[in-house]
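Undergrad: sequence and predicted structure, then a few things I'm wondering about:
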Amino acid sequence: MNWLRRLFGAYKKTSHGRTITGEVISQASTQTSTETGKDYIENIHQKMNRLASDFAIGAINRDQFQALYSHYQSEISKVESIMVTEPQAWERVSTQGQSMLLRKLYIARAQAYAIYDNVTGLPLGILGSFRLDPALVIPMLSAYRSATHEIFGSSLRLTQHEDGQWLCFVSGKFTTLLAVFTNEPIPKQLQYLNDLHRHFEKANEPFLMQNPINIHKLFYPHEYFLGRWQR
């Protein structure tokens, strides 16, 4: 019988006459799970800090920031709530990987580009599909060209149309580039368009100075990045 006592003694220990082995194992498991859940929440807080930094430097747009920030807040709330009653079940309500989908969903995508002659207002090249009424484009171009220089002191202007699209105007010496985006573009995208339009005007200056402009002689440096333009 002594060997039986020794055998069970290896698996059971008592403290003040109470068996605690099973309780200790259960508590250890619960503690580990709770700490993992807390680590997950802490990781989300770090993501929220990075998100704020990314928005501050213009790495993401407003829609991306709002969607991701709301997602992170909801994630923390769900995990904290279930950890109160079921510490080991926090992974059941987590949605890891969802943030990447939201980031892609709200990224600014260009739907169309067009280059207009500053004198006549006529399009010199078009890429993509425009939903804007052509009759509205010419007065908009004229208004934004004057506004950007006189009010904003810049050749680039970004505004949101009433249908939710974002319009980017890049005004040059001879022409104006109009780009239509699904969501608000980030500064890097705007700078990219600004540089492309400067290169377009520099490469085509001899032809852009002619009247009328022979659109078939124009070179589009945009084509390497954006695709072939209709002339």
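TA: Perfect, I can see it now.

Undergrad: what is the burial count for residue 119?
TA: Neighbour count of residue 119, defined by other Cβ atoms under 10 Å: 12. (Glycine included, C-beta is placed from N, CA and C.)

Undergrad: next up, the contacts around residue 115.
TA: Shown in contact with residue 115 (Cβ atoms under 8 Å, 6 or more residues apart in numbering): 123, 124, 125, 126, 175, 176, 177, 178, 197, 200, 229.

Undergrad: let me see the mean pLDDT of stretch 189-203.
TA: Averaged over stretch 189-203, pLDDT sits at 91.

Undergrad: just to revisit the earlier point, from the contacts of residue 115, which would you call buried?
TA: Neighbour-count burial (16 or more other Cβ atoms under 10 Å) applied to the contacts of residue 115 gives 123, 124, 125, 126, 175, 176, 177, 178, 197, 200, 229.

Undergrad: which of the residues you listed fall in strands?
TA: 123, 124, 125, 126, 175, 176, 177, 178 (DSSP state E).

Undergrad: let's have the residues you listed in JSON lines, adding pLDDT.
TA: Shown next, in JSON lines, are those (pLDDT from 0 to 100):
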{"residue": "123", "pLDDT": "86"}
{"residue": "124", "pLDDT": "89"}
{"residue": "125", "pLDDT": "86"}
{"residue": "126", "pLDDT": "86"}
{"residue": "175", "pLDDT": "91"}
{"residue": "176", "pLDDT": "90"}
{"residue": "177", "pLDDT": "91"}
{"residue": "178", "pLDDT": "90"}
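
Undergrad: just give me the closest of these to residue 191.
TA: Comparing those against residue 191 with Cβ to Cβ places residue 177 closest, at 13.0 Å.

Undergrad: if I look at that closest one, how far off is residue 67?
TA: For residue 177, the distance to residue 67 equals 29 Å [Cβ to Cβ, to the nearest Å].

Undergrad: many thanks, I have nothing further to ask.
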